[in-house]
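[1] 3D model of this:
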Amino acid sequence: MRKHTLIILLILLGVFSSTTRADGYRTFVAGTDNDGTEIKIPLVVVKGTPYEMGREFGRLMRKESQQLLVGFLRAAQQSEHEAFTKENDKRAKPLRYTDAVLDAAWKATSPHIHKRFKEQMRGLADGAEIPLATVRRAYMIPVVSDYSCSGAAIWGKATADGHLYQFRNLDYIVDAGLQNYPVILVLLPDEGIPHVNITFAGFLGVNTGMNAAGTVLTSMGDSPSKDYPYNLDGAPFYTMFSDLLHDAGSLEQALQIIKKTKRIKKYHYIIANGKDKAGVKIKAHAPELLIWRDNDSTDEVAPRVFENIVYNAETRDPLAVRHIEANYGKYDAQRVIDLTRKVPIRGGNLMAAVYDATDLRLWVSYAKGKTEAYKRPFIPVNLKDYLK
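    Predicted coordinates for the structure are as follows:
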């Protein structure tokens with residue numbers, strides 16, 4: 001009788017509660033740098049509801065999230081203020097990073113952001129012990145900023161093994177120091193598709209990633225400074241990409257989500273699926289939406305198009321073409337890494353990722369100090385190891 005009473009008491013206290021569970025853990029992936037020193041990239045696995053996943057991400061990366069989000073916001077505002085004071089009022093550019101501007105950006109985009117993503121943000125703020133208003137403002141910095149990147153998807157007869165490979169260069173200023181807070185975030189949602197987000201501490205937005213159904217994503221920003229202030233009545237691309245990783249089990253499902261989303265600014269996307277073994281390039285200059293399949297004579301780079309390849313490398317197009325012509329039919333992970341290293345914007349290659357979306361593997365490199373990502377080793381990750 002005493003034993004049964006004790007068990008009942010423990011259940012009431014929550015010790016044996018069925019709702020008690022571990023919602024995440026932190027580990028790392030490792031490699032060796034060019035100088036022989038060890039590379040350790042934090043890898044965080046979270047699971048549960050949107051709020052629970054955000055909270056665990058914040059808790060497991062609390063110190064780094066505080067340093068990045070709070071520091072990034074402070075640095076952006078301070079540098080802009082210093083630049084403004086050096087100019088007279090007539091010549092100074094419009095301010096982008098004041099609290100008022102960032103709050104207005106959140107107010108404009110918020111109605112178009114999935115409730116799931118907002119719950120993740122709320123959980124992150126609680127887990128990292130950062131005011132939610134600060135998190136929102138930090139998340140709006142890329143929304144009001146301009147940057148450029150590159151990417152490609154390669155599959156079928158263009159490869160040596162028939163797998164679908166994709167890469168993404170994130171070209172953004174290294175002076176902001178985001179590379180000091182890298183993280184590979186694996187999300188195992190209660191509802192939705194497990195996926196990986198190659199990101200930075202405290203940032204749930206998806207610049208690039210892959211899900212367990214083989215959907216893989218690359219974005220490239222096209223909005224120049226002269227377009228500012230931007231029309232922000234729509235969803236930031238990184239919240240739409242979060243929706244794609246949660247919900248898109250195929251290339252066609254991904255395209256349907258994009259078509260239904262009210263978008264902002266100017267981007268190119270590379271969207272592919274390793275199980276479908278197909279990919280597209282998209283010119284998404286809101287509200288314009290142009291979708292090109294491989295070897296498409298209407299592609300903006302035609303006639304420099306190829307069967308089973310879509311790519312976007314802007315002014316580095318000749319470099320990409322030469323590499324493709326020399327390696328067509330031979331592409332594997334290493335050759336795609338080589339292509340990735342050929343086409344970043346020199347001086348601002350913050351992060352680079354290569355995916356095998358057929359086998360759910362990836363290779364990741366972050367800048368270190370002033371050494372850009374393309375100059376550093378790519379660290380392998382097997383997503384299947386973290387889906388258990």
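[2] Would you map the helices across the stretch 151-300 of the chain?
    With DSSP state H, counting those that start in this stretch as the criterion, the stretch 151-300 of the chain has helices at 237-247, 251-260.
[3] elements contacting the longest one?
    In this case it means helix 237-247. Other helices and strands packing on helix 237-247, by 3 or more Cβ pairs under 8 Å, 6 or more residues apart in numbering; DSSP states H and E, are helix 115-128, strand 195-200, strand 208-211, strand 215-221, helix 251-260, strand 266-273. Heads up, the C-betas are built off the backbone N, CA and C, glycines and all.
[4] need the ones you listed in TSV with distance to Pro142 and mean pLDDT, can you?
    Listed next are these as TSV, based on distance: least, Cβ to Cβ, whole Å; pLDDT from 0 to 100:
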stretch	distance to Pro142	mean pLDDT
helix 115-128	14	98
strand 195-200	11	98
strand 208-211	13	98
strand 215-221	8	95
helix 251-260	19	98
strand 266-273	12	97
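[5] so can I have TSV of those showing mean neighbour count and distance to Leu102?
    TSV is the format used below for the helices and strands packed on helix 237-247 (neighbours: other Cβ atoms under 10 Å; distance: least, Cβ to Cβ, whole Å):
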stretch	mean neighbour count	distance to Leu102
helix 115-128	21	14
strand 195-200	26	18
strand 208-211	28	24
strand 215-221	27	18
helix 251-260	17	26
strand 266-273	24	20
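[6] Asp35 is nearest to which of those?
    Closest approach to Asp35 among those is made by strand 195-200 (23.4 Å; Cβ to Cβ).
[7] ok, that closest one: who's next to it in the sheet?
    Strand 195-200 pairs in its sheet with strand 182-189 (antiparallel), strand 208-211 (antiparallel), by DSSP bridges.
[8] just how off-centre is that strand within its chain?
    6 Å (Cα atoms, centre = their mean, to the nearest Å).
[9] between that strand and helix 237-247, how many degrees?
    Strand 195-200 and helix 237-247 are oriented at 150 degrees to each other (axes from the mean of the first three to the mean of the last three Cα atoms, to 10 degrees).
[10] returning to what we had before: can you add distance to Thr27 and give the helices and strands packed on helix 237-247 back as CSV?
    Formatted as CSV, the helices and strands packed on helix 237-247 follow (distance: least, Cβ to Cβ, whole Å):
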stretch, distance to Thr27
helix 115-128, 18
strand 195-200, 13
strand 208-211, 18
strand 215-221, 23
helix 251-260, 29
strand 266-273, 28
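[11] I appreciate the help and will end here.
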